[in-house]
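A.B. asks: this is a predicted model, with the sequence first.
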Amino acid sequence: MATDMSGISVGDAGSCLYSKGDDATISSKAVVEELYRALERGDVDAVRRLLNPDVDWWFHGPRAHQHLVLMRLLTGAGAGGLPFKIRSLDAFGPTVLAEGTDATGALYWVHAWTVGACGRVTEVREYCNTALVVTRLGGGGGGEARAVSEAATAKDVCSKSQQVWQSRLPDQARRNLPGLVLAI
């Protein structure tokens, strides 16, 4: 995670991270990398600048772990430092998938971040102890999801779907974890 974002103009929580007149664009992956670095150092102001004010957070997993880590870190209630190990970080357009475990390897998680046009996180889906398969619906040439017409049937959409990512579970997590499909 060595992306330099020092050239980004940082304003208040309601503005874009970069000037709309700039030709430079910020990759979704770079935004999420910077967010994890800010969480690691406990920089609440940087976290606030990287999150949309009305970020949508959704959790799937054991209820006992629902507010354990990520939500506490995102709201500034958690201490600095990441209590989990990031194993991989992959991007598909505005969607960034981070995968990892807690320090003991007992908890496995996937964070699915969505980064909006202004370079701020608009949504996070947190999956705890859940195997995940990510599928792009409607095909997807050139890395961009194609628009699915309103007239398309469910069969048409499913026949054009493409698996783009799958959980890479650590050995100790290969037991009976529930699985989900995330459509992007």
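C.D. replies: Yes, it's here. Numbers count the residues shown, from 1 in each chain.
A.B. asks: alpha carbons only for contacts and neighbour counts from here, please
C.D. replies: Noted.
A.B. asks: residue ranges with poor pLDDT in the protein?
C.D. replies: The chain contains residues with pLDDT under 70 at 1-25, 66-69, 78-81, 138-160, 170-180, 184.
A.B. asks: in it, which spans are strands?
C.D. replies: All strands of the chain, identified by DSSP state E, fall at 51-60, 84-92, 95-102, 108-115, 121-128, 131-136, 162-166, 179-183.
A.B. asks: generate a markdown table for the ones you listed, with mean neighbour count as supplementary columns.
C.D. replies: A markdown table is the format used below for the strands of the chain (neighbours: other C-alpha atoms under 10 Å):
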| stretch | mean neighbour count |
| --- | --- |
| strand 51-60 | 16 |
| strand 84-92 | 15 |
| strand 95-102 | 20 |
| strand 108-115 | 24 |
| strand 121-128 | 22 |
| strand 131-136 | 20 |
| strand 162-166 | 14 |
| strand 179-183 | 13 |
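A.B. asks: Ser28: which of the ones you listed is closest?
C.D. replies: strand 108-115 (5.6 Å; C-alpha to C-alpha).
A.B. asks: identify the residues contacting that closest one?
C.D. replies: 28, 31-32, 94-102, 121-130, 132, 167, 169-170, 173 (C-alpha atoms under 8 Å, 6 or more residues apart in numbering).
A.B. asks: now do that strand and strand 95-102, the angle between them.
C.D. replies: Here strand 108-115 runs at an angle of 150 degrees relative to strand 95-102 (axes from the mean of the first three to the mean of the last three C-alpha atoms, to 10 degrees).
A.B. asks: what is the orientation angle of strand 108-115 with strand 131-136?
C.D. replies: 30 degrees.
A.B. asks: who does strand 108-115 pair with, and is each partner parallel or antiparallel?
C.D. replies: strand 95-102 (antiparallel), strand 121-128 (antiparallel) (DSSP bridges).
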